[in-house]
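**Q** Sequence first, predicted coordinates after that:
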Amino acid sequence: MARVQEVVVDASVACKWFLPEKDTPKALLLRDDHIEERIRILAPELMAYEVANALRYHPALGKEGLQETIRYLYDLQLSWVPATHRDLGSAADFARRQRVSVYDACYATLAEHRSCPLVTNDTLLLKTSRRAVSLSEWAARR
């Protein structure tokens, strides 16, 4: 049996699963590939906090809508990766070297450690992570 491709997804992509934005249809295709087990989405646990924080500021989502969205994020059964001291150390080193936040570096180093792509719409990550591919590029390859 063939191994399912792993893909790291960051909050810039995951938020598009819940909010109508420019590349939302592409993000939904990526999500659907995960649901249909064509890929396996990995994410550092911190992504849940980043997505919840971004959605908390969206005016169309009230308290119930936010709670429902958070539940749905977990219902997707992403492969949540907890940080170890080594992971955080690698992310901190990457952040210092590349001048990005440690938060962003967590996605880049996870993709590096797992030897898989990082799908992002974050322009800084696209410039600094050799594993990063844009959502548009990912969608064009599928």
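**A** Thanks, I have it. Numbering: from 1, shown residues only.

**Q** pLDDT weak spots in the protein?
**A** Counting by pLDDT under 70, the chain shows low-confidence ranges at 1-2.

**Q** where exactly do the strands run in it?
**A** Counting by DSSP state E, the chain has strands at residues 5-9, 39-44, 79-81, 118-120, 132-134.

**Q** JSON lines for those, including mean neighbour count and distance to residue 33?
**A** All C-beta atoms are positioned from the backbone trio N, CA, C, and that covers glycine. Listed next are these as JSON lines, based on neighbours: other C-beta atoms under 10 Å; distance: least, C-beta to C-beta, whole Å:
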{"stretch": "strand 5-9", "mean neighbour count": "21", "distance to residue 33": "8"}
{"stretch": "strand 39-44", "mean neighbour count": "22", "distance to residue 33": "5"}
{"stretch": "strand 79-81", "mean neighbour count": "15", "distance to residue 33": "14"}
{"stretch": "strand 118-120", "mean neighbour count": "27", "distance to residue 33": "11"}
{"stretch": "strand 132-134", "mean neighbour count": "20", "distance to residue 33": "14"}
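
**Q** Format those strands as a markdown table; extra columns: distance to residue 104.
**A** Putting the strands of the chain into a markdown table (distance: least, C-beta to C-beta, whole Å) gives the following:
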| stretch | distance to residue 104 |
| --- | --- |
| strand 5-9 | 12 |
| strand 39-44 | 10 |
| strand 79-81 | 15 |
| strand 118-120 | 9 |
| strand 132-134 | 10 |
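
**Q** Pairing partners for residue 8 in the sheet, please.
**A** Beta bridges link residue 8 to residue 42, residue 118, judged by DSSP bridges.

**Q** Just the helices from the chain, written as ranges.
**A** Along the chain, counting by DSSP state H, helices occupy 11-14, 24-35, 46-56, 63-75, 85-98, 102-114, 123-128, 135-141.

**Q** who are the neighbours of the last one, in terms of helices and strands?
**A** Packed against helix 135-141, as judged by 3 or more C-beta pairs under 8 Å, 6 or more residues apart in numbering; DSSP states H and E, are the following elements: helix 24-35, strand 118-120.
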